[in-house]
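A.B. asks: The sequence and its predicted three-dimensional model are supplied below.
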Amino acid sequence: MKKTNKDFTSAFDESFLGFPIGKVAQSIRKVISPKFSNHDVESITIILVSHLMIEREINALLLKWMTGHLPEMSTKTKNDISVNDLALEELEKVINKLDFEKKLNLIKPLGILLWGDDSKDIFSGFYKINDIRVEVAHRLNFEKVKPDKSRGLRPVP
């Protein structure tokens, strides 16, 4: 029987992606920290995936923004590779190596243009997500991340 997105309920022993239902969080918890609950692992996953999705969009924005001003050259290297392709690859490497905060600082002026007064709150949210990710991903310090009923999760000083 073929599994679809709507079928990944108790009718199967694994999700539509092939992961065993009820076992993934337990397995990850064993690797990360046995003291975490399955809910903690799910929360960590949401934090990391949210950060990844935001960073991926910022990377795409920066790449589009910066490549829009590169001259189109017909020159090729000795290996018959377009210098434009090489420049694009180099720019992509630079963007990927920048830390999240530097990327946010680069796009802040664009955010002000797009969102005006709301940009302060929007960027504050981005910085909070990054602070939470740092606590969880680099320090495995889930205890320092507490729910704030009005604003969601936040790092605790």
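C.D. replies: Sure thing, it's come through. All of these numbers come straight from a predicted model, not from anything done at the bench.

A.B. asks: Check which residues of stretch 116-124 are buried.
C.D. replies: Buried positions in stretch 116-124, judged by neighbour count with 16 or more other C-beta atoms under 10 Å: S119, F123. Bear in mind the C-beta positions are built from the backbone N, C-alpha and C, glycine included.

A.B. asks: And the contacts of it?
C.D. replies: Stretch 116-124 is contacted from outside by L104, K108, G111, I112, W115, using C-beta atoms under 8 Å, 6 or more residues apart in numbering.

A.B. asks: what does stretch 58-67 contact?
C.D. replies: With C-beta under 8 Å, 6+ apart, stretch 58-67 has contacts from L88, L91, E92, I95, N96, F100, K103, L104, L106, I107, L110.

A.B. asks: For the helix or strand hosting L88, enumerate the helices and strands it packs against.
C.D. replies: Element membership for L88, per DSSP states H and E: helix 83-97. Secondary-structure packing of helix 83-97 (3 or more C-beta pairs under 8 Å, 6 or more residues apart in numbering; DSSP states H and E): helix 38-67.

A.B. asks: Tell me how far L63 lies from L114.
C.D. replies: Distance of L63 to L114, given as C-beta to C-beta, to the nearest Å: 18 Å.
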